[in-house]
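Enquirer: Coordinates for the following, if possible.
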Amino acid sequence: MPLTSSLPNIDIPETSLFDFLFGEIEPRHTDKLAVVDSGSEVTFGDLKASIEAFAGALAARGIKKGDVVALHCPNSTTFAVALHGVLRAGAICTTVASLATAEDIENQLRISGAKMMLTTSSIGWAGANGAEAAGLPEDKIIGLTGLHGMGELLAEGHAAPDVDVSPDDVAVIPFSSGTTGVPKGVQLTHRNLVANVAQAGAATVEALDETTPAVTILPFFHIYGLTALLNLCLWRRTTQYTMGKFDLLDFLSIISEHKVKFAFIAPPVAVGLAKHPAVDSFDLSSLEVIFSGAASLQLDLAEQVEKRLGCTVAQGYGMTESSPAAHIRIGHDSPLDSIGRAVPNTEYKIVDLDTEDLDEIPVPESGRSKSGELWIRGPQVMKGYLNNPEATAATLVDGWLRTGDVAELDKEGNAYIVDRFKELIKYKGYQVPPAELESVLLEHPDIADAACSGVIRSDGEEIPKAYVVLKEGKQLTADEVMDFVAERVAPYKKVRVVEFMDEIPKSATGKILRKDLKAMEAARA
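Expert: Alright, predicted model coming up:
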C-alpha cells in the first residue's frame, strides 16, 4: 500500500503559472520588494508590469504560443522578468545552466527546438556562440544586459499578447540526466509547476510567509531554484535576496544586513556554515530556518549547523522530473537525516528491484527497512521527456516516477535517501553507498570536504576510493584517513585508496560530480 503525506491534500488551482503567481497582487504588496540582487531590485507591482511588457516585446519579435525560448541568465531580477515573460507570452522556456559550454548549449537548443536565445554577457559568450552554432539568426539572439538589453525591450511599450494558456500546456523544459545519465529535456506543464509551488507552500506554511525575508542562492535555471526558491517566494510575497554567483562572505553579509530568516542552500554551503571560521564574524541571529536541497544532507553535518547557528535545519528531496519537490522535512517531527514524508497530494513507495514483480517494501516494525528504489506519484510528476518515448517509458511506470534513488523507510514512514543506484560501489558483491562514506569522512575534524567513488583496481575489482580536502593548515596521511573510516563502517565498506585534493568537483547546485572523478581516473588509466 503506497504511503502518503502526513499533511492533508490541498486543492490545486486550474490555472497558468503566471496567473497563479501574479493574477492578484494585493495593494499592500504592490510596492513591496519582490527580488533584490547585487545591482537592482523590483517590487511585486513593477515585476508584474515588466513581465507583461517583456511578453509583449517577445510577441513583437514573432514569439507565439508553443514556441521554445532559451534563457541563459544568472539569478537576478532580469531572470525573473525574462522567465515569466516567456510564459506570459504563451511560450515555453528551456533554462540553460550558467556555466554550460557553447557545445552544451547548441545541443540543448537543437533538442528543445528553441526559436530564440535570451542571454547575457555577464556570464560569458557561450550563450550567443551556442545559439549561433545551433543556427539561430542574429535577431533571435537577444542580449538582456547592456545598452540594448532588457531596459530597451521594456521601453518599447508593447502590450502582452492575448493568449489562452492551459494548465496542461508545457511551461518549461529544463534538462536532466534522470536515471540514465544522458541529458534529456524534461517537459513540465503549468499544472506541474503550480501544483509543486502549492505543495511546497503547504509543507513550509509555518516557516515561510510574507514576513520571512529569504536568501535564494541556488541557481534559478535549476528546477530547485526555479520552483522552491524563485516561484515559492514570489507566491508567498516574501522579499528574496538573490546572488548571481555564490560567495560565502556575501551570503553571510546578506543574512546579517537584511535580517534574513529563511535561507535556501545545498550541502556544500552547509559544510561552510558548519566549519568556516568567518561564520563567527557575522550576526546571523535572525536566521530561523536553513532549507537544504539538491543533494542529500548528512546527519552529522545538519547537527553541526543547527548547533552552531541555533536555527532549524530542514531538508527537501526531489528531482527535475517531479518539478522538483516530492518530500520536505521541516521541524523536528521527523529525524534530521531523513527527508520525512511526502508533500501533500503525493504517494510514494520503496520498490524491491530484486523481486520479479517489483514488490513494495513494507514499513518496518523497528529500525530501517530493506533498501529499494523510491517511486513517486503526484500532480508534480512530469509530462515526459521531450521526443524521447523510450526514456519516458523507462522512467514513468503506470503513473509512477522511478527516481533512481536508493531509499529506506523507518516505522513512521519517513524516507531516507541512501544513494543513487548508478553511483553505488560494488565491492566483492556488496553494495557500498558513497554518500555514507562521505558522511563519515566529514566527521573528521581536519577534513573540510570529501567525495567517494568506485575505482577499478589492476585486478579488475572495484574498490571504494576517497577524495579528501583538508582544512587549511591541517595534515593527514592516507592511512590515517582509512583507519578513521574503518573504525566506523562495516569491513566491506572500508576506504581502500585516498587522494588529497584542493577541491571536490561539484555542480552549480552542489552535487558531487562523480562522473568527473571517474573521468579523471579513466584518463590516468
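Enquirer: Show the subsequent helix or strand relative to the worst-scoring helix or strand of the chain on mean pLDDT.
Expert: Lowest on mean pLDDT, DSSP states H and E among the helices and strands of the chain sits strand 430-432, with a mean of 69. Sequence order places helix 434-441 as the next helix or strand after strand 430-432, per DSSP states H and E.
Enquirer: Kindly tell me how buried Leu147 is, as a neighbour count.
Expert: 7 (other CB atoms under 10 Å). (Each C-beta comes from the backbone N, C-alpha and C, glycine too.)
Enquirer: CA atoms of stretch 341-356 as CSV?
Expert: This file holds the C-alpha atoms of stretch 341-356, laid out as CSV (Å, rounded to 0.1, in the frame of the first residue of the first chain):
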residue,chain,number,x,y,z
ARG,A,341,7.1,12.0,4.4
ALA,A,342,5.9,13.3,1.0
VAL,A,343,4.4,16.8,0.3
PRO,A,344,0.6,16.9,0.0
ASN,A,345,-1.2,15.1,-2.9
THR,A,346,1.8,12.8,-3.3
GLU,A,347,2.2,9.0,-2.9
TYR,A,348,5.5,7.2,-2.5
LYS,A,349,6.8,3.7,-2.1
ILE,A,350,10.1,1.8,-1.9
VAL,A,351,10.3,-0.9,-4.6
ASP,A,352,12.4,-4.1,-4.2
LEU,A,353,14.2,-4.4,-7.5
ASP,A,354,15.5,-7.8,-6.5
THR,A,355,12.0,-9.3,-7.0
GLU,A,356,10.5,-10.2,-10.3
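Enquirer: So for that stretch, mean pLDDT?
Expert: On average, the pLDDT along stretch 341-356 is 93.
Enquirer: so how far is it off the chain centroid?
Expert: 21 Å (CA atoms, centre = their mean, to the nearest Å).
Enquirer: And for stretch 273-282?
Expert: Taking mean C-alpha positions (CA atoms, centre = their mean), stretch 273-282 and its chain are 24 Å apart.
Enquirer: What's the separation between Pro213 and Val440?
Expert: Distance, Pro213 to Val440, using CB to CB, to the nearest Å: 36 Å.
Enquirer: Ignore what I typed, I meant Gly454.
Expert: 16 Å.
Enquirer: and what of Ile10?
Expert: 39 Å.
Enquirer: my guess is Gly367 is in a strand, correct?
Expert: No. Counting by DSSP: H, G, I helix; E, B strand; the rest coil, Gly367 is located in no strand; its state is coil.
Enquirer: Quick check: it vs Glu360, distance?
Expert: Gly367 is 18 Å from Glu360, by CB to CB.
Enquirer: Who has more neighbours out of these two?
Expert: Glu360 (16 against 9).
Enquirer: Surely that one is in contact with Glu347?
Expert: No. In this structure Glu360 lies outside contact range of Glu347 using CB atoms under 8 Å: 11.1 Å.
Enquirer: what sits in contact with each of the two?
Expert: Counting by CB atoms under 8 Å, 6 or more residues apart in numbering, the common neighbours of Glu360 and Glu347 are Pro2.
Enquirer: next one: phi and psi at Thr94?
Expert: phi -110, psi 110 (degrees, to the nearest 10).
Enquirer: neighbours around it, how many?
Expert: Neighbours of Thr94 (other CB under 10 Å): 25.
Enquirer: ok, what's across the strand from it?
Expert: Ala70 (DSSP bridges).
Enquirer: And the strands in the stretch 401-525 of the chain?
Expert: According to DSSP state E, counting those that start in this stretch, the stretch 401-525 of the chain carries its strands in the segments 415-420, 425-427, 430-432, 447-456, 462-470, 497-500.
Enquirer: Oops, could you answer that again for the stretch 51-200 of the chain instead?
Expert: Ranges of strands in the stretch 51-200 of the chain, per DSSP E, counting those that start in this stretch, are 68-72, 92-95, 116-119, 141-143, 170-172, 175-176, 184-189.
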